[in-house]
Every structure is written in structure tokens, then in C-alpha cells.
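A.B. asks: Following is a predicted model, sequence given first.
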Amino acid sequence: MTALALHGIGHAFLGRTVLDKVSLVIGQGDIVSLVGPSGCGKSTLAHIAARIIEAKEGRIACGYRRQAMIFQEPRLLPWATARDNIRYVLKLARVPKRDWSSRVDDVAARVALEPEDLEKYPVELSGGMKQRVAIARALTMEPDFIFFDEPFTALDVALKRRMQDLVIAACENETLSGLFITHDLMEAARLSDRIAVLDARGRGILGERPVPGKRGERDDAWLFGWVQRALSDDPLFADIHDVDERNIA
Ligand SMILES: Nc1ncnc2c1ncn2[C@@H]1O[C@H](COP(=O)(O)OP(=O)(O)O)[C@@H](O)[C@H]1O
Ligand SMILES: [Mg+2]
């Protein structure tokens, strides 16, 4: 079963080609990471795949029923508590009101949000807590496909790890599939079944590599070795850190 198939996707902004001939297939239950230098079109591709914007060329076939998206910034409503931020999507989805409380409590427990955190406003929550609320809000819709657009890039290393563990646990469900965009090859190797590299010069997906083993069961020493070898020996990963503005002093 295919969760998402992109065929020959092409896109341009103001006449400038950003994506050309991009094809990618994600099977049901698979998490595929998409890496590539900053500005190469990863977010644009995710927006096209999620049908937030329309591609100039290509075809999208999707086998999933319900999608959710998690962004780098939590994008919470500032005037609403964490609980109300999560409830808001249930309301939009016309979930019966009597189910809201239990749905929020269940999903909050899955992302380790305490009951008192749910009553706080975004301004009262730390970056990691806000991102948990954003993840909870995505999960509460019971999506069977999640687009992750560099969700943990702004978090410090320890927090990033906890969030990755949350994602691994949330995706244990065999029917949940996803596209995980990241700059961080270690993160990609930890979380996904396969890593696809998007070219910076609009030549599409340069290639894909399966990550051996099962996500959630790869230990750090192994991951570190795999990533180091990929970066030093595999030409596919040679350019993934190019033009990354974070490295420009
Ligand atoms: N709405 C837009 N209008 C014009 N140019 C855009 C728009 N969105 C993105 N771009 C440009 O398209 C290119 C790809 O952007 P993006 O998909 O955000 O890259 P990435 O997520 O890989 O960093 C960049 O050069 C960016 O400036
Ligand atoms: Mg982006």
C-alpha cells in the first residue's frame, strides 16, 4: 500500500524553478526523511504534497485518509490555553463536544504534557512544551500521515532527543506514515526507514538510502557510526550541508 506518491513534481516561484522532476514514494507505515541544503525546496515540496500549494507540474497520489503537519515553530494561538489550542482542531473537525476532554487528555499523556501545562497559555510555556502542544494538536486528529517540517531544529540537543522519542513512540502504529524534513542526518537516521536527498539545483531527488534496522531500536553508537560513514563515504550526502545559513558566521 502506498501512502503518498509524488510523480514528476515541478514548481517555480516568480519564474524561478525551485523543484523539477521530483518523484518520491512513501509506503504505508513508512517514515521517509527528506534532507537537503537550506533553500533547496524541502518545505515547498511538503506544502505541495500536503496540497497547501498547487504544483506547476506533476501528479500526487495519496492513499492516506487524514494528514497533519508539524512545523518548526509551534504556531499556537497565543490567546488560547494549551488545552484550547488542541480542542480547537477537534472543534474544526466537528468532533462531538462530549469527546473533547477525553481526546485532549489522551493525547496530552502521549506527549507527556502534565494536566497543569494544559491550562497554560503559550507565553507561559517553554519552547519544548509549546512544541509538545503542537505535536499533541497534530496527533489528536488521529492522522494516518504526518508531514514534519524541521520540527525540532530550534530545540536544544537534549530536548530534541526527547521529542524524537515522542515521534518514534507515536509512529509505532503500523498504519501511520510520514515525511520528515530535517537538516540533521543523525535525526533522519534515528527516526526514519529511508532517507531521500533533494538536490539544491532542482535536479529532483538525487537518491535514497534505507536505514538498516528498525526505528527506535538503533542505538546511539551505531547511529553515530552510520552517519559518519554516510557523510564521509557516500557521495549522495556530500552536499546536504551546503548553503546552510546557520553555518555562515
Ligand atoms: N512563497 C514564496 N515566494 C517566493 N519564493 C519562495 C516562496 N517560498 C519559498 N520560496 C523560495 O523557494 C526556495 C525553496 O524554499 P523552501 O522550500 O522554503 O526551501 P527549504 O525548505 O529546503 O529550505 C527558496 O529559494 C525560497 O526563497
Ligand atoms: Mg524549509
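C.D. replies: Alright, I've got the coordinates. Ligands and ions are numbered 1, 2, ... in the order given.
A.B. asks: C-alpha from now on. contacts and neighbour counts both.
C.D. replies: Fine.
A.B. asks: Show me what from this protein comes close to ligand 1.
C.D. replies: By C-alpha under 6 Å from any ligand atom, the residues of the chain that approach ligand 1 are 13, 18, 38-44.
A.B. asks: Tell me which of these fall in strands.
C.D. replies: Secondary structure assignment (DSSP state E) places 13, 18 from those within strands.
A.B. asks: wait, which of the residues of the chain next to ligand 1 is closest to residue 113?
C.D. replies: residue 43 (28.0 Å; C-alpha to C-alpha).
A.B. asks: what residues are up against residue 99?
C.D. replies: Shown in contact with residue 99 (C-alpha atoms under 8 Å, 6 or more residues apart in numbering): no residues.
A.B. asks: quick one: pLDDT of residue 74?
C.D. replies: Confidence at residue 74, expressed as pLDDT, is 89.
A.B. asks: ok, which pair from the residues of the chain next to ligand 1 is furthest apart?
C.D. replies: 13 and 38 (16.1 Å).
A.B. asks: and the two? which has more neighbours close in?
C.D. replies: For residue 13 and residue 38, the more surrounded residue by other C-alpha atoms under 10 Å is residue 38, and the numbers stand at 18 against 10.
A.B. asks: Quick check: the more buried one vs residue 72, distance?
C.D. replies: According to C-alpha to C-alpha, to the nearest Å, residue 38 and residue 72 sit 14 Å apart.
A.B. asks: Any regions of this structure where pLDDT drops low?
C.D. replies: For the chain, the stretches with pLDDT under 70 are 242-249.
A.B. asks: Do you have the strands of it handy? List them.
C.D. replies: Counting by DSSP E, the strands of the chain are 2-13, 16-27, 31-35, 57-62, 67-70, 145-149, 177-181, 194-198, 205-210.
A.B. asks: mind checking which of those strands is nearest residue 135?
C.D. replies: Comparing the strands of the chain by C-alpha to C-alpha, strand 67-70 comes nearest, at 6.6 Å.
A.B. asks: The spatially most central residue of the chain bridge partners, please.
C.D. replies: With distances taken as C-alpha atoms, centre = their mean, residue 148 lies nearest the centre of the chain, 1.3 Å away. Counting by DSSP bridges, residue 148 forms beta bridges with residue 70, residue 180.
A.B. asks: I'd assumed residue 181 was in contact with it.
C.D. replies: Yes: at 5.8 Å, residue 148 counts as touching residue 181 under the criterion of C-alpha atoms under 8 Å.
A.B. asks: can you count the residues close to the nearest residue to residue 175 once chain neighbours are set aside?
C.D. replies: Distance criterion C-alpha to C-alpha, 6 or more residues apart in numbering; nearest residue to residue 175, sequence neighbours excluded, is residue 29 at 4.7 Å. Other residues near residue 29 number 20, with proximity taken as other C-alpha under 10 Å.
A.B. asks: Excluding sequence neighbours, find me the nearest residue to residue 62.
C.D. replies: residue 4 (4.5 Å).
A.B. asks: The one you found is in contact with residue 67, isn't it?
C.D. replies: No: with contact defined as C-alpha under 8 Å, residue 4 does not count as touching residue 67 (10.9 Å).
A.B. asks: More neighbours: which of those two?
C.D. replies: Ranked by neighbour count (other C-alpha under 10 Å), residue 4 and residue 67 place residue 4 first, with 22 against 18.
A.B. asks: what sits against that one?
C.D. replies: Shown in contact with residue 4 (C-alpha under 8 Å, 6+ apart): 24-27, 60-64.
A.B. asks: which one in the chain is furthest away from the centre?
C.D. replies: Outermost residue of the chain with respect to the C-alpha centroid, by C-alpha atoms, centre = their mean, is residue 98; its distance is 30.4 Å.
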